[in-house]
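*Asks:* any chance you could fold what I've pasted below:
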Amino acid sequence: MKNLLIVLLIVALAYGYFDGFRDDFNDDYRDGFQSEFYDKESLSDEPQPGIGGVSQAGLAEQKLSHAFQTKQSDLQIAGQGIVARVLSDDLQGSRHQRFILRLSSGQTLLIAHNIDLAPRIDGLREGDSVSFYGEYEWNPKGGVIHWTHHDPKGRHEGGWLKHNGKIYQ
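*Replies:* Sure, this is the predicted structure:
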């Protein structure tokens, strides 16, 4: 119960903090900003200031941890982690590059990046830092991030991966 109250307080503070700045951004930027705690387009590999002493990456990790604990899915989120394992591509249906990211909290995420719609990350290795923006789906191993690409039909918000300063979408 105490953890839920803390999460709700953080969400309320984040909403109030960013609500005052919302009108200062253009429509394209604003739409993405409202769906996440920070600027998903310029997510850097460097720590970024957050709210109340909690970094932006920390806020995203709290949100992911809460989604995992409550078995929540369909959550658009940005974050970053370290590649724990590079897996073989999934070649059934649409082809996906797959790898496991470990967040600083210890939570792991399977990244399923559609390489029929976006370029693959060549040279990806264990220990590399990868930032992401995509849709979180719960599973018992930590969750899956997919939709890390544009939607050619324009029905779903586009996502991306960032590795070594290059964005893949």
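
*Asks:* identify the bridge partners of the residue nearest to residue 119 when sequence neighbours are not counted.
*Replies:* Leaving aside its sequence neighbours, residue 119 sits nearest to residue 168 (CB to CB, 6 or more residues apart in numbering; 5.2 Å). C-beta: built from backbone N, CA, C; applies to glycine. For residue 168, the beta-bridge partners are residue 161 (DSSP bridges).

*Asks:* separation between residue 168 and residue 68?
*Replies:* Per CB to CB, to the nearest Å, residue 168 is found 25 Å from residue 68.

*Asks:* now swap in residue 159 and tell me
*Replies:* 19 Å.

*Asks:* the more surrounded of the two?
*Replies:* Ranked by neighbour count (other CB atoms under 10 Å), residue 159 and residue 68 place residue 159 first, with 25 against 20.

*Asks:* please enumerate the helices of the protein.
*Replies:* Counting by DSSP state H, one finds helices in the chain at the ranges 2-19, 27-34, 56-69.

*Asks:* which of those helices has the lowest mean pLDDT?
*Replies:* For the helices of the chain, mean pLDDT drops lowest on helix 27-34, to a mean of 30.

*Asks:* least confident secondary structure element in this structure?
*Replies:* One helix or strand of the chain scores below all others by mean pLDDT, DSSP states H and E: helix 27-34, with a mean of 30.

*Asks:* now do the closest residue to residue 145 other than its chain neighbours, the pLDDT please.
*Replies:* Nearest non-adjacent residue to residue 145, counting by CB to CB, 6+ apart: residue 134, 4.4 Å away. With respect to pLDDT, residue 134 scores 96.

*Asks:* residue contacts, residue 134?
*Replies:* Counting by CB atoms under 8 Å, 6 or more residues apart in numbering, residue 134 touches 76-77, 111, 145-148, 159-160.
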